[in-house]
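[1] I'll drop the sequence and a predicted model, then ask my questions.
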Amino acid sequence: MTAVDAAPAMIERLAADCPAAVTHVMNAQALRLPSDCFDLVASSFVIHILDDPAAGVAEAYRVLVPGGRFAFTGSSARQSNSHRPGKNPTIQTPSLGGLLDALFEEFAAYLHPNGSMGQVVDAADLLEEAGFVDLHKDRAEVAIAFPDNAMLWRWALSHGYRAFIEDLPEDRRREFHHRVMELPADDRVLRRTTGIWSGRKPG
C-alpha cells in the first residue's frame, strides 16, 4: 500500500478520534445561542471592528458558564510600558515590522473616519464593564519570513491589513503599494506581537 493509498484511511481514523466541529454564522453582538453554555469563548481581531464592541463582550459573558473565561486580542491603557529604565530604545536598523508600521501610521491620515478599520477599544475596560473578573494579559508573538516584497504585499491583502488598504483613496492606495514594494530588503522577517486580554465570569 502506498502513502497515497493509506491517506484516506488515516484521515478517517483521525476524524474518528476528534470531536465534530459545529460552525454557525451569526451576529457576534446578538448570538443565537443559549446562556451559560460554554466554558471558553475566544475572539481574534474581531471586537474592535464591531459596531458595538461592548455588546460583543456582553454576549461572550452571557453564553459563558459561571467560572468560564473569555479571551480576545486587544490592548489596554493598563498594559505595562515595554521600555525599561536605562535601556536605549533606539533601533539602529529598523525592522520590517517597524518600517511597515511607520507606513501605516503615515497613511492612516488618509482614511475616512467611518471606514471599516474599526475603533480603538480598551480591552480591560470592556471586560470589567461586562462583569468579568480576574483579568489577565498575555502576549502572542509570530515571526513570518518573506522571500520578497511582492509576497509581503500578497500576504497583507489576505489579512486584516486589507481593510486598511481598501479604505485608502485610490491614489493613496497606489502610493501605499509602491512604498511597500520599495521597503528595504535587509530584513525579510515580519515580527508581530499582540496582546490577549481575558477575564473570568464570576461563579
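    Perfect, I can see it now. All of these numbers come straight from a predicted model, not from anything done at the bench. Numbers count the residues shown, from 1 in each chain.
[2] residues in contact with Ala60?
    Val41, Ser43, Phe70, Phe72, Ala130 (C-beta atoms under 8 Å, 6 or more residues apart in numbering). To be clear about C-beta, it is placed using only N, CA and C from the backbone, and glycine gets the same treatment.
[3] On the three-state scheme, the fourth one is what?
    By that I understand Phe72. Put simply, Phe72 is strand when judged by DSSP: H, G, I helix; E, B strand; the rest coil.
[4] Ok, the first one next?
    The three-state assignment at Val41 reads strand, by three-state DSSP.
[5] same question, Pro34
    Under three-state DSSP, Pro34 comes out as coil.
[6] Tell me, how many residues neighbour it?
    9 (other C-beta atoms under 10 Å).
[7] could you pull out the strands for this structure?
    Residue ranges of the strands in the chain, as given by DSSP state E, are 38-43, 64-73, 133-145, 189-200.
[8] Walk me through which strands the shortest one pairs with, and which way each runs.
    When you say that, I think you mean strand 38-43. Strand 38-43 sits in its sheet next to strand 64-73 (parallel), going by DSSP bridges.
[9] Next: the last one.
    Each strand pairing with strand 189-200, determined using DSSP bridges, is listed with its direction: strand 64-73 (antiparallel), strand 133-145 (antiparallel).
[10] which regions of the protein sit below the pLDDT cut-off?
    Within the chain, the segments meeting pLDDT under 70 span 1-19, 79-93, 113-119, 160.
[11] most neighbours per residue, which of the strands of the chain?
    strand 64-73 (a mean of 18; mean count of other C-beta atoms under 10 Å).
[12] Now do it: everything it contacts.
    Residues outside strand 64-73 that contact it (C-beta under 8 Å, 6+ apart): 36-47, 57, 60-61, 123, 127, 132, 138, 140, 194-203.
[13] one step back: can I get the strands paired with strand 189-200 in CSV with distance to Arg32?
    CSV is the format used below for the strands paired with strand 189-200 (distance: least, C-beta to C-beta, whole Å):
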stretch, distance to Arg32
strand 64-73, 16
strand 133-145, 27
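[14] Would you mind stating the distance between Leu190 and Phe164?
    For Leu190, the distance to Phe164 equals 15 Å [C-beta to C-beta, to the nearest Å].
[15] Mind picking the two most distant members of the contacts of Ala60?
    Using C-beta to C-beta, the contacts of Ala60 span at most 12.5 Å, a distance reached by Ser43 and Ala130.
[16] Give me the distance between the residue nearest the centre of the chain and Val65.
    The centre of the chain sits closest to Phe45, judged by C-alpha atoms, centre = their mean, with a distance of 3.3 Å. Distance, Phe45 to Val65, using C-beta to C-beta: 25 Å.
[17] Many thanks, I have nothing further to ask.
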